[in-house]
Structure formats: C-alpha cells, structure tokens
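Q: My questions are about this predicted structure, shown below with the sequence.
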Amino acid sequence: MPQSYRYDVFLSYNHNDREWVKRLASKIELEQHGGRRLRVFIDDRDIEPGHNMVEAIVRGLEQSRYVCPVVSPNSVMAEWPPMEWSIAISSDPSGRKGRIIPLWLGGCSIPAVLLIRHALYFDNDEHSNKSYKKLVSTLKGESNRRANIVLDPTSANHDELFPTTCEDDVDEQLLSNLFPVSAMPETVWYGPTRRTNEEVYRHLTSKVSGILPTFIVKNRKIFCFWNLNAAKCPFRGLLSAAVIENDSVSNWIDNVDKNRWLMELLNKGMKHHCRNLDLWFDNTHKRYLFSPLYGSDRTISWNTGRRKSTRTVVKKYTRGVSGDVFWAHQTLKAKFTTVGRDIFLQLDPGWTFTADGSMPLPKEQIGPLSVKWTTKEHNSSMLYHIRFWSSYLSQHHKSIVLKLGDSPCTIDTTPGIANMNKGLEDDTLHIDKVFDIADEENAHSEVLRDVLAKTDGMPEYGTRENRHE
C-alpha cells in the first residue's frame, strides 16, 4: 500500500446500519493481500474519543484508497453519510478513478450524486456473495484485468488476445437494428420490355393511385412481385412480348446475383412506402428525412411502447448575431439484407443539417455540427431512435407492411435479439426497461447552444404552433 494510504477502504454509513457494516468490515479484514490483511476505516472504531470528528473523517477519507458509501433508507435520509460522500466525490468528480464504490442495501433509490458510479448490490444473498467477491477483488487490485490487458497482437496467442477471464457468467440479451421479414411474396414475375425505368414509372403513375408497385428493369426485362398474367396487372402494356416467366423468391435468395436484385426490389418497395409517409429520399447519401412543415418545425406523435410521446424530427435554429438559419433533421438509412437465408430490414438512424430545410449546409459547417451533435449520442439514444423509426414506418402497428404487388412484405417491429450466456455483469440495459423510458425531446439543445456560442452567438429558441397533427 502506498505510504499516502493508511486504509484500503472507508465505509461511510448511518448508525442504524452499524451492525451490517461491522460484519462486512470484519470479513474484509480477514482477507490477505501482499503479505498483509486488508484495512478498513469505520468511525466507531477508528475515531478516538475526544477527537474532532469532522477532521478525523476528512483525514480517514484522504488516507483511504477506496470509499464505499453504504446506501440504504437510513443513510439517504441522514445528514452525515451524504456529507462524507460529497467530500469523497470532490476527489473524483467524474468517476474516472473508480475510487467511490456504492454498496446498495436495497429499499431506496440510489442518490443522483452516486448514479454515475458502478454500484455493488447487497440487497439479497445471491447479489451479496457476488458483490463481496468483486469488492475484495477491487481492493486487492485484481478487478481491473480488463483494462490492464496490454498485448502485442503479433506475438500473443488467441487465449491472450481474447481472455475468457474477461467474461462473466450472466444471461444477456443483445438488441440489434435488424428487423425480421415475417412474410413476403413467394414469386418473382418477369417479362421482356423495351421501356426504360423512367418510362415504367410514368406508366404506373398514370395507372395506379396510391403506393406504386415495386419493380426493377434488368437486361430489358421487368421484374416485379405482381402476377403479369393477371387481368388487372398495372404492368400490362409494358411488355414487348407475351413471354412471361416466374421464379421463386427462395431460389433468388440462394443465387448471389439474384439475391442482389431481390434486395433492390425490396429497397424500392421501401422507397415507395416512405414516399407515402411524407419522407423524401436523399439520393446522394441514400437516406430518408422529413421536410419542415410549412416553414416550421415538425413534430411527430408516436407510441414508445408503454406511453405516448412526441419527437421533433425537423427543427429550425437561428444564429444570434447574424440571424442565419439552419435546420436539424433526423434521418434514416433503411435497407434490406440477408443473414443466411433470412431477410431483415436494417435501420440506421442519424442526423443532417440544411440551410433552408432541403439544401445541405456546406461541408465546412456540417462537420463541426455533426461531430458535436453525434458525440452526445449514447447506445440507449440510438436504440430509442431505432424504435421511433420502426414505430413511424409501421404507423404505430406491430408490423411494417410494404405493398409490393399481389402480396405484401411484412416486417416485425420487434428487432432481432441475440441471447448470450456471457457478458459483463451489471453492465447491461435490460430490454424491459427500454419501454419505461420516455423519449428525450431536448437531448441536443445544450450541444447546439455550446456550438453556436463559440461561432456566431446564441441560438434563439422559440415555440411554434405545429400544424402536422
């Protein structure tokens, strides 16, 4: 132990939890490390009668490598423990040093000041056994094995590069951005044509009201999901001969070239679907986005799963000094892909910025905004974006339905989930909790305020009446 530290851990607690803390301290002090036993600071024993308690506590905190706030209904309602926590936090405000380890006994919420710390749970026997082992391992300097692995990949073997000791035996669910296709047409129909892609579109627009059927033109043939022999087929009049053929979608999945054509057909169907939902397609960057609503911000109502929420998908910002305007748009890249023989819709949400609601900002302006904006995005933020887009594409139903031809393509709005029995314990976002968290409407306000303050003044934030709903 370095000379500056007299204790391995300082236990901060309320006197009503004294007996539990004493049992924990006694157990810790039986642990051996580096030829000695671990040392614990607890006020009942380590502050001598008649001494200044505040000075003794501050000295004990300074001389302890770790500080463990014991979080219980007793301590959160008391005065002394939070004071000790505040003193300890001042030495590691961001939590980067990992010096403060909350020990949660249950029966209360963890105070906000401790929420960014990785807590250990002692609310039941099973949790207590696991948490005690982790605590002792940390006090002995053994728990940072993940961060301390520094290897030369050219000389290390597989077990060193991917050590199994970095894994915990926990059941974990990994949520993806892939949405499984549950049903789609079984047959692709095709026949010869002399028409170009543009000519086919003009013909369909004159014949079909609503969503256009999907098609592609390859090798002077029209490929589609509509039975070309049907009397009401909208492609009638486009074929240059009566030679009509068909093939199964299953065969196309297994053929490399046809698989690519199949994805192109489905992606065209998504374009038609999104156009019907008032999304426009940025062909340069292959993404969908909303336009402003009659020159104003655009807000969408949606169902988060267990509650209704709203999301501003296009917002206007004004630079304070110059009065220059730019718009922030939520965007979506949506494309079909295959995993094995299964077909999925892949959703990748993002952001873009325009000068007038449609014209992109110059690259030199978009760069700083994009970097500042997206660095505030966390995994959970991306998950909520994905859930918003799947909800909007399905129009708040359980499935996204693309009208491709005779038969639709149906995509589940529950994303693909991978079940694993290895992971990092206490480092997971339980899927059930996702539905309990409301959509955050102003997640980037401070980011924009910071960016614009450093450039051309503060943005002016105002509310507008939204006419979309």
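A: Ah, there it is.
Q: List the buried residues in stretch 341-352.
A: 343-347, 349-352 (16 or more other Cβ atoms under 10 Å). C-beta here means a position set from N, CA and C on the backbone, and glycine is covered the same way.
Q: Show the average pLDDT along it.
A: Averaged across stretch 341-352, pLDDT comes to 91.
Q: Can you give the distance from that stretch to the centre of its chain?
A: With Cα atoms, centre = their mean, to the nearest Å as the basis, stretch 341-352 stands 14 Å off its chain's centre.
Q: how close does C108 get to M77?
A: C108 is 8 Å from M77, where distance means Cβ to Cβ, to the nearest Å.
Q: What of R195?
A: When distance is defined by Cβ to Cβ, R195 is 77 Å away from M77.
Q: who's more crowded, those two?
A: More crowded of R195 and M77, by other Cβ atoms under 10 Å: R195, with 18 against 12.
Q: Correct me if wrong: the more buried one contacts L238.
A: Yes: using Cβ atoms under 8 Å, R195 is in contact with L238, at 5.4 Å.
Q: overlap in contacts of the two?
A: Common neighbours of R195 and L238 are listed as 203, 222 (criterion: Cβ atoms under 8 Å, 6 or more residues apart in numbering).
Q: what about the strands in the stretch 51-200 of the chain?
A: 64-71, 103-104, 120-121, 172-175, 178-183, 187-192 (DSSP state E, counting those that start in this stretch).
Q: Worst mean pLDDT among those strands?
A: strand 172-175 has the lowest average pLDDT among the strands of the stretch 51-200 of the chain, namely a mean of 66.
Q: before we move on, back to that, output the buried residues of stretch 341-352 in TSV, with secondary structure and distance to T337 appended to each entry.
A: Shown next, in TSV, are the buried residues of stretch 341-352 (DSSP: H, G, I helix; E, B strand; the rest coil; distance: Cβ to Cβ, whole Å):
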residue	secondary structure	distance to T337
I343	strand	8
F344	strand	6
L345	strand	8
Q346	strand	5
L347	strand	11
P349	strand	16
G350	strand	18
W351	strand	23
T352	strand	23
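Q: nearest to F326, of the residues you listed?
A: F326 has its nearest neighbour among those in T352, at 10.5 Å by Cβ to Cβ.
Q: List the beta-bridge partners for that closest one.
A: T352 forms beta bridges with H329, as assigned by DSSP bridges.
Q: Contact partners for the closest residue to S131 other than its chain neighbours?
A: What sits nearest to S131 in space, not counting adjacent residues and going by Cβ to Cβ, 6 or more residues apart in numbering, is L120, at 3.8 Å. Counting by Cβ under 8 Å, 6+ apart, L120 makes contact with 101-104, 131, 134-135.
Q: quick one: low-confidence ranges for this protein?
A: 1-3, 90-96, 116, 143-174, 304-307, 319-320, 367-381, 418-469 (pLDDT under 70).
Q: Pop the domain breakdown of it in here.
A: 7-139, 182-453 (automatic domain parsing).
Q: Could you dump those domains into CSV with distance to L175 added?
A: Below are the domains of the chain laid out as CSV (distance: least, Cβ to Cβ, whole Å):
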stretch, distance to L175
domain 7-139, 21
domain 182-453, 6
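Q: Please look at L135 and C68 and confirm they touch.
A: Yes: with contacts counted by Cβ under 8 Å, L135 reaches C68, the gap being 7.4 Å.
Q: Overlap in contacts, those two.
A: Common contacts of L135 and C68 (Cβ under 8 Å, 6+ apart): 101, 103.
Q: These two: which is more packed in?
A: C68 (26 against 22).
Q: measure that one to F122 for me?
A: Plainly put, C68 is 10 Å away from F122 if you go by Cβ to Cβ.
Q: One more: D247?
A: Using Cβ to Cβ, we find D247 at a distance of 63 Å from F122.
Q: For these two, indicate the residue with more neighbours.
A: F122 (22 against 14).
Q: how about the more buried one, what does it touch?
A: F122 makes contacts with 103-106, 128, 131-132, as judged by Cβ under 8 Å, 6+ apart.
Q: Please apply the same query to I211.
A: In this structure, I211 makes contact with 272-273, 275-276, 403, judged by Cβ under 8 Å, 6+ apart.
Q: In the stretch 251-400 of the chain, mark out all the helices, start to finish.
A: Counting by DSSP state H, counting those that start in this stretch, one finds helices in the stretch 251-400 of the chain at the ranges 256-276, 363-374, 379-393.
Q: Any chance of the ones you listed in TSV with mean neighbour count and distance to Q330 as columns?
A: Formatted as TSV, the helices of the stretch 251-400 of the chain follow (neighbours: other Cβ atoms under 10 Å; distance: least, Cβ to Cβ, whole Å):
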stretch	mean neighbour count	distance to Q330
helix 256-276	17	13
helix 363-374	14	11
helix 379-393	19	7
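Q: Off-centre distance for stretch 131-140?
A: Mean-position distance between stretch 131-140 and its chain equals 30 Å (Cα atoms, centre = their mean).
Q: Identify all contacting residues around stretch 348-366.
A: Applying Cβ under 8 Å, 6+ apart, the contact partners of stretch 348-366 are 177, 282, 285, 287, 289, 291-292, 295, 314, 316, 325-334, 369-370, 373-374, 382, 385-386, 388-389.
Q: got it, and stretch 269-276?
A: With Cβ under 8 Å, 6+ apart as the test, stretch 269-276 has contacts from 210-214, 281, 288, 334-336, 345, 393, 400, 402-404, 409.
Q: rerun that using 10 Å as the cut-off
A: With contact meaning Cβ atoms under 10 Å, 6 or more residues apart in numbering, stretch 269-276 is reached by 184, 204, 210-215, 225, 279-281, 283, 288-289, 332, 334-336, 345, 392-393, 400-405, 408-409, 411.
Q: which residues sit in contact with the residue nearest to W302 when sequence neighbours are not counted?
A: Excluding its sequence neighbours, the residue lying closest to W302 (Cβ to Cβ, 6+ apart) is S391, at 4.7 Å. Listed by Cβ under 10 Å, 6+ apart, the contact set of S391 reads 300-305, 309, 311, 397, 400, 413.
Q: hang on, the earlier thing: by neighbour count, which of the contacts of L120 wins?
A: Top of the contacts of L120 by neighbour count (other Cβ under 10 Å): L103, with 25 neighbours.
Q: Please name the residues that touch that one.
A: L103 neighbours (Cβ under 10 Å, 6+ apart): 11-13, 17, 20-21, 24, 68-72, 75, 119-122, 128, 131-132, 135.
Q: sorry, back to before: from the contacts of I211, which two are the most distant?
A: The span of these, defined through Cβ to Cβ, is set by R275 and K403 at 11.9 Å.
Q: can you list residues touching both of the two?
A: Residues touching both R275 and K403 by Cβ under 10 Å, 6+ apart: 211-212.
Q: distance of E48 from A56?
A: Taken as Cβ to Cβ, the span from E48 to A56 is 8 Å.
Q: which one of those two has more residues nearby?
A: Taking neighbours as other Cβ under 10 Å, E48 and A56 compare with A56 leading, 15 against 7.
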